[in-house]
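*Asks:* Below are the sequence and a predicted model; questions follow.
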Amino acid sequence: SVLNRTPPSLIHEIILVDDFSSDPEDCQLLTKIPKVKCLRNNRREGLIRSRVRGAEVATADILTFLDSHCEVNSEWLQPMLQRVKEDYTRVVSPIIDVISLDNFAYLAASADLRGGFDWSLHFKWEQIPIEQKMSRTDPTQSIRTPVIAGGIFVIDKSWFNHLGKYDTQMDIWGGENFELSFRVWMCGGSLEIVPCSRVGHVFRKRHPYDFPEGNALTYIKNTKRTAEVWMDEYKQYYYEARPSAIGKSFGSVADRVEQRRKLNCKSFQWYLENIYPELKIPEKELIPGIIKQGGDCLESWAQDTTGNMLAGVGNCKGTVNNPPVTQEWAFSDPLIRQQDKCLSITSFSAGSQIKLEACNQKDGRQKWKMKGSFIQHFVSGLCLENQTGRVVTNLCRADVPGQQWELLQAT
């Protein structure tokens, strides 16, 4: 289909990689087709290393990666080449239609999907966010996507090399699309789906080849390498979602970490804020309780004249299991919350009043940690202090009783 449905001038060569199949003659027979070259691996390398090998011998300026079980549609390549020609840092993918496994029927996929994932690094197709959908006046316009499925995409060869190709210590198949997608976005490129380009793909129910360590372990190793190199402190959510990955070996990632440093790539927090804000940080189940100092409790006060809701200290009422709403708090690291409001400093200097504001995990003014009996503000390093009923931040001092707090959780 590639030769039949692509203008000949756009195809410099077709490189097939025979990944140590049981029939080596196939490779040689296929080279009788014009423009086809075939490389045979002398052992099973898997998709990732095979793709890198193919890309290294390619002599054209633009690379198109295609799974073997694909059928390209008419005028599939031109729209993608145009996007990469306009900006070489774009990595573009077509709409991936479905070819039935049972009878090879061609079924058109929806044109308003993009790639997404959950914290276990499981890929899923999802609807374009509503605001993106509303701003799309032209159905041929490219769709920004947080991740690509990985089977079919077009990339400038020099950009592919500059970004570090693929992580060749990943095995066989799985997870490489996340590693590439995070790297493209965080290191200055972009990913998009081009609606005018369509390629059919056979979605198989099982892999027709073996994984040396089994499918699940290989996927864990590959996604773990991705999390360790690219996800910064957010990798904790990967491990929470995929506890089977804890303690599993994943090889050394030192050279990939160094590559990231050399390319001066952005943080995973930047990626979440700018590229995939729809991926929500999982909220831990919060156990409410009270924050005590002797017979007094931290509490919220009614709004003052400027509409601010201040925090203060008053006599404890009710019980730990049943306190009044104004004295019930939940510590959701790093926030101290009361319903949808959180403790927030008003300035980063000592003496700052404490008020309650709408919770925002990314707001440095709302970040606290328990340090022994201190409640310390994460950014300023100052401690929460009771000054005769008012609470403020002050330099942490063990000899100040107003800075000693006890956190009691409901049972």
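*Replies:* On my side now, so go ahead. Note that the coordinates shown come from a computational prediction; the quantities given were computed from them, not determined experimentally.

*Asks:* The protein: helices as residue ranges?
*Replies:* In the chain, the segments counted as helices under DSSP state H are 25-30, 46-57, 77-86, 130-135, 157-162, 176-186, 215-230, 235-241, 254-262, 268-274.

*Asks:* Out of those helices, flag the one nearest residue 301.
*Replies:* Proximity to residue 301 (CB to CB) singles out helix 268-274 among the helices of the chain, at 32.7 Å. (Each C-beta comes from the backbone N, C-alpha and C, glycine too.)

*Asks:* where do the strands sit along the stretch 201-350 of the chain?
*Replies:* With DSSP state E, counting those that start in this stretch as the criterion, the stretch 201-350 of the chain has strands at 288-293, 296-303, 309-315, 329-332, 335-338, 341-345.

*Asks:* Would you single out the least confident of those strands?
*Replies:* Out of the strands of the stretch 201-350 of the chain, strand 329-332 stands lowest, with a mean of 88 (criterion: mean pLDDT).

*Asks:* How is this protein divided into domains?
*Replies:* What automatic domain parsing lists as the domains of the chain is 61-274, 288-409.

*Asks:* residues near residue 50, how many?
*Replies:* Per other CB atoms under 10 Å, the neighbour tally for residue 50 reads 21.

*Asks:* Just to check, it is in contact with residue 40?
*Replies:* No: between residue 50 and residue 40 there is no contact under CB atoms under 8 Å: 10.2 Å.

*Asks:* Any chance of the domains of the chain in a markdown table with mean neighbour count and distance to residue 281 as columns?
*Replies:* Listed next are these as a markdown table, based on neighbours: other CB atoms under 10 Å; distance: least, CB to CB, whole Å:
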| stretch | mean neighbour count | distance to residue 281 |
| --- | --- | --- |
| domain 61-274 | 17 | 7 |
| domain 288-409 | 17 | 6 |
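
*Asks:* Need those domains in CSV (columns: distance to residue 11).
*Replies:* Output for these, formatted as CSV (distance: least, CB to CB, whole Å):
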stretch, distance to residue 11
domain 61-274, 8
domain 288-409, 47
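
*Asks:* Ok, which of these comes nearest residue 6?
*Replies:* domain 61-274 (5.2 Å).

*Asks:* ok, back up a step: can you tell which of the domains of the chain is closest to residue 29?
*Replies:* Nearest of the domains of the chain to residue 29, taken as CB to CB: domain 61-274 at 15.0 Å.

*Asks:* Report the distance from that closest one to the chain centre.
*Replies:* 11 Å (CA atoms, centre = their mean, to the nearest Å).

*Asks:* circling back: so for residue 19, which of the domains of the chain sits nearest?
*Replies:* Checking the domains of the chain against residue 19 by CB to CB gives domain 61-274 as the closest, at 7.7 Å.

*Asks:* That closest one - what's its average pLDDT?
*Replies:* On average, domain 61-274 scores 93.

*Asks:* hey, what's residue 14 bridged with?
*Replies:* residue 36 (DSSP bridges).

*Asks:* burial of it, as a residue count?
*Replies:* 19.

*Asks:* In contact with it: list those residues for me.
*Replies:* Residue 14 is in contact with 2, 3, 33, 35, 36, 37, counting by CB atoms under 8 Å, 6 or more residues apart in numbering.

*Asks:* Filter those down to the buried ones and hand me the PyMOL line.
*Replies:* Selecting only the buried entries of the contacts of residue 14 in PyMOL, with 16 or more other CB atoms under 10 Å as the criterion:
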select buried, resi 2+36+37
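
*Asks:* Among the contacts of residue 14, which one lies nearest to residue 287?
*Replies:* Ranked by distance to residue 287 (CB to CB), these are led by residue 2 at 58.5 Å.

*Asks:* give the contact list for the residue lying closest to the closest one once chain neighbours are set aside.
*Replies:* The shortest distance from residue 2 to any non-neighbouring residue, by CB to CB, 6 or more residues apart in numbering, is to residue 72 (5.6 Å). The neighbourhood of residue 72, defined by CB under 8 Å, 6+ apart, consists of 1, 2, 5, 6, 66, 199, 200.

*Asks:* one more time with 10 Å
*Replies:* Shown in contact with residue 72 (CB atoms under 10 Å, 6 or more residues apart in numbering): 1-6, 64, 66, 94, 152, 197-200.
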